[in-house]
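Asker: Quick check, what structure comes out for this input:
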Amino acid sequence: MSRKTSGETLTAHAIILAGGRGTRFWPRSRTRTPKQLLNIVGQDTMLEQTAARLAPLFPPSRQWVVTNTEQASAVRKQMPRVPTSHILAEPVGRNTAAAIGLAAAHLLHSGMGKENDALMAVLPADHYIAKPARYLRVVRAALHVAHAAGSLVVLGIPPSRPETGYGYIERARAKDIDADGVPVFTVRQFTEKPELARARKYVASGHYYWNAGMFFWRVSTFLGNLENFLPKTHDALMRLAGEIGTPRYARTLARIYPKLENISVDYAILEPVTRRTAAPSVFVLPAEVGWSDIGSWDAVYELLARKAGENVSAGKFVALDAQGNFFWSPKKFVAAIGIRDLIVVETEDALLLCPRDRAQDVGKIVKWLEAEKLSRLL
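Answerer: From the prediction side, this is the model:
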């Protein structure tokens, strides 16, 4: 996909962030096969679904994946049409500012076509979108806004409840423009996970959105801000860009990457840019697209259950006086009697039993396994 404004054409690339561990999806999610590489909802993996959803705007030749060394092989297998050189493996995780910077360095090295600049759509690999056609329309609009030099664009999810686990984006009360029929607002501020009382006020105001971590900008815009706010990281990545395609690249990456600042792009760039008193340059587009970050097994249940109290199972089962349960045991028949609102997930070497309202605590099991050095279960 390309965007043309005043005679200038910029090619758009999708940067898919796929380096997370998905600890709340243990025991299915492991170091080498985390959430985004599993078929959590549907037959295809989350990564495969993300790539397919983006394909109408970003062909495989314009898709990039930032992952880690443990998962890179599996990513290549799941995305055979994406050039191998577009699967970027971090030697260690250094948060989103560095991950996006790594992709920008590779885009810079690739030449990005005749225009010598490009658009970046930075998107998570493990989110669910119920309305893909509407989503693509909003992405097109976001790319249109991001075409302007200096513009930083984020998608905002209209909140359906006073959630305390997400960051929020406050928009201006009046919209700036419409982009392809999608309203565009200036961002007033970003707010990290609020307390419940404040979250309720945010939702009631109608001026706040959830921050789903979907960003759009020019490569030059991002690198300019990276140089301004994280100059050491910028300089290191520019040195790395000069080694791409040479035998020295892997050694240089292993040496410099662990030294990069470990900070999210929100904290590093978006928030400080928003606080400037100059002309607005950070914009939010409402994205009512049936979004879910599928952050826990309970979220999977909520997506798949067609009515309240329904039992959801990956395989054959029978339930007697049992309601609201989620079973993942695709190879074994499940018989449930008299249980309510439980999560049961079976793998070859582990079994998880958990009340649905404690699903967020599954990550604590992973921390316990790490402390006990039970690496075979990680």
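
Asker: Point out where this protein drops to low pLDDT.
Answerer: For the chain, applying pLDDT under 70 flags the ranges 1-8, 112-115, 277, 279.

Asker: give me that answer again for 50
Answerer: Across the chain, residues meeting the criterion (pLDDT under 50) sit at 2-6.

Asker: center of it - which residue?
Answerer: The residue at the geometric middle of the chain, judged as the C-alpha nearest the mean C-alpha position with Cα atoms, centre = their mean, is residue 124 (2.0 Å).

Asker: any idea how far residue 373 is from the spatially closest residue to residue 316 that is not a sequence neighbour?
Answerer: Excluding its sequence neighbours, the residue lying closest to residue 316 (Cβ to Cβ, 6 or more residues apart in numbering) is residue 333, at 5.3 Å. C-beta: built from backbone N, CA, C; applies to glycine. Per Cβ to Cβ, to the nearest Å, residue 333 is found 35 Å from residue 373.

Asker: Also residue 358?
Answerer: Residue 358 sits 25 Å away from residue 373, going by Cβ to Cβ.

Asker: Then residue 274?
Answerer: The value you get for residue 274 to residue 373, if Cβ to Cβ is used, is 43 Å.

Asker: Show me which of the two is the more surrounded one.
Answerer: Shown here are residue 274 and residue 373; by other Cβ atoms under 10 Å, residue 274 has more neighbours (19 against 8).

Asker: Walking through the protein, point out its helices one by one.
Answerer: Under the criterion DSSP state H, the chain carries helices at the ranges 46-54, 72-78, 95-110, 132-146, 196-205, 219-229, 231-241, 249-256, 265, 271-274, 297-304, 362-371.

Asker: Reformat these into CSV and put distance to residue 182 next to each item.
Answerer: Output for the helices of the chain, formatted as CSV (distance: least, Cβ to Cβ, whole Å):
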stretch, distance to residue 182
helix 46-54, 17
helix 72-78, 31
helix 95-110, 23
helix 132-146, 4
helix 196-205, 21
helix 219-229, 20
helix 231-241, 31
helix 249-256, 38
helix 265, 22
helix 271-274, 20
helix 297-304, 25
helix 362-371, 35
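
Asker: and the residue nearest to residue 316, what does it touch?
Answerer: When contacts are counted by Cβ atoms under 8 Å, 6 or more residues apart in numbering, residue 333 touches 315, 316, 317, 318.

Asker: Then residue 259?
Answerer: Contacts for residue 259 (Cβ under 8 Å, 6+ apart) come out as residue 236.

Asker: Please report how far it lies from residue 88.
Answerer: With the distance defined as Cβ to Cβ, residue 259 ends up 18 Å from residue 88.

Asker: Residue 10 now?
Answerer: Taking Cβ to Cβ as the measure, residue 10 falls 21 Å from residue 88.

Asker: doesn't residue 78 make contact with residue 48?
Answerer: Yes: with contact defined as Cβ atoms under 8 Å, residue 48 and residue 78 form a contacting pair (5.6 Å).

Asker: Can you select the buried ones from the contacts of residue 333 in ChimeraX?
Answerer: The ChimeraX selection below is limited to those of these classed as buried (16 or more other Cβ atoms under 10 Å):
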select :317
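
Asker: Domain map for the protein?
Answerer: The chain resolves into domains spanning 2-292, 297-377 when parsed by automatic domain parsing.

Asker: winner for burial among those?
Answerer: Ranked by average neighbour count under the criterion mean count of other Cβ atoms under 10 Å, the domains of the chain are headed by domain 2-292 at a mean of 18.

Asker: can you give me the offset of that domain from its chain's centre?
Answerer: 7 Å (Cα atoms, centre = their mean, to the nearest Å).

Asker: Using CSV, write out every CA atom in stretch 14-27.
Answerer: Extracted C-alpha coordinates of stretch 14-27, given in CSV (Å, rounded to 0.1, in the frame of the first residue of the first chain):
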residue,chain,number,x,y,z
ALA,A,14,3.5,-3.3,8.8
ILE,A,15,5.7,-3.9,11.8
ILE,A,16,4.3,-6.8,13.8
LEU,A,17,5.5,-7.0,17.4
ALA,A,18,5.7,-10.6,18.4
GLY,A,19,8.2,-11.0,21.1
GLY,A,20,6.1,-11.4,24.2
ARG,A,21,5.9,-14.5,26.4
GLY,A,22,2.2,-14.6,27.2
THR,A,23,2.7,-16.0,30.7
ARG,A,24,-1.0,-15.7,31.6
PHE,A,25,-1.7,-18.5,29.0
TRP,A,26,0.5,-21.1,30.7
PRO,A,27,0.6,-24.1,30.4
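
Asker: residues contacting the nearest residue to residue 238 once chain neighbours are set aside?
Answerer: The shortest distance from residue 238 to any residue that is not its chain neighbour, by Cβ to Cβ, 6+ apart, is 7.0 Å, and that residue is residue 105. Residue 105 makes contacts with 237, 238, 240, 241, 244, as judged by Cβ under 8 Å, 6+ apart.

Asker: Closest to residue 44 out of those?
Answerer: Of all the contacts of residue 105, the one sitting nearest residue 44 is residue 244; the distance, using Cβ to Cβ, is 30.7 Å.

Asker: which residue packs closest to that closest one, ignoring adjacent ones?
Answerer: Setting aside the residues directly before and after it, residue 244 is nearest to residue 109 in space (Cβ to Cβ, 6+ apart), at 4.2 Å.

Asker: That neighbour contacts residue 241, doesn't it?
Answerer: Yes: counting by Cβ under 8 Å, residue 109 touches residue 241, with 4.9 Å between them.

Asker: Look up phi and psi at residue 310.
Answerer: In terms of degrees, to the nearest 10, the main-chain angles of residue 310 are phi -70, psi 140.
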